[in-house]
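Student: Return a 3D structure for these sequence lines:
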Amino acid sequence: MLDKAVKLLPKITSVEKTKLLNLLGKMYEKEEKYLEAEKAYEQCGDWQNIIRINIKKLDNFSKAEGILREKYLSKESFYEMKPSCYLLAVYCEDYNMIKKAIEFYIMANKCSKALQLAKKYKLMFDHTKIKCDCSPEETIKIGEYFEIQKQWGLAA
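Tutor: Next comes the predicted model:
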């Protein structure tokens, strides 16, 4: 059945095609055909599902990270990538990539979690280089943390 759907794609309008490709990706996932699902998601621009598949099913962190960084930096995708930032943060924390976990938590606006990890592992991170929507209160806490660590440049 999936093969027949793929053959129809060239004849379908772009909006319908996007919806169909997304549905096709989900169907491939149910059949555990993750590479095919990834390809379908790529064709319809569903970056969050591509990142999720690469992290949870294909164990391809580097690809997921590359896509996330590229899409996160584009202005039109900044906010929609927040859930993927969180997904990568949890993955990094689970696999003891703490500096990256901190960075991705900040990117996901989970600044208190990032600060908690930084304190726990006594890690410094330059949050000023990460596009972030942390609340003023969270930003102050990050600044206070750097003051205690005598990292005046990062505290500012």
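Student: Tell me how the chain divides into domains.
Tutor: Listed domain ranges for the chain are 1-45, 58-155 (source: automatic domain parsing).
Student: Using JSON lines, lay out those domains together with mean neighbour count, mean pLDDT and distance to Ile51.
Tutor: Glycine gets a C-beta too; all of them are placed from N, C-alpha and C. What follows is the domains of the chain, written out as JSON lines (neighbours: other Cβ atoms under 10 Å; pLDDT from 0 to 100; distance: least, Cβ to Cβ, whole Å):
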{"stretch": "domain 1-45", "mean neighbour count": "15", "mean pLDDT": "83", "distance to Ile51": "9"}
{"stretch": "domain 58-155", "mean neighbour count": "16", "mean pLDDT": "82", "distance to Ile51": "4"}
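Student: mind giving me TSV with those domains and columns for distance to Arg52?
Tutor: Compiled in TSV, the domains of the chain are given as follows (distance: least, Cβ to Cβ, whole Å):
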stretch	distance to Arg52
domain 1-45	9
domain 58-155	6
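Student: by contact count, what packs against the helix or strand containing Glu103?
Tutor: According to DSSP states H and E, Glu103 maps onto helix 98-107. Applying 3 or more Cβ pairs under 8 Å, 6 or more residues apart in numbering; DSSP states H and E, one finds that helix 98-107 makes contact with helix 61-73, helix 82-94, helix 111-121.
Student: I'd like the ones you listed as JSON lines, with distance to Asn49 appended.
Tutor: Output for the helices and strands packed on helix 98-107, formatted as JSON lines (distance: least, Cβ to Cβ, whole Å):
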{"stretch": "helix 61-73", "distance to Asn49": "11"}
{"stretch": "helix 82-94", "distance to Asn49": "9"}
{"stretch": "helix 111-121", "distance to Asn49": "24"}
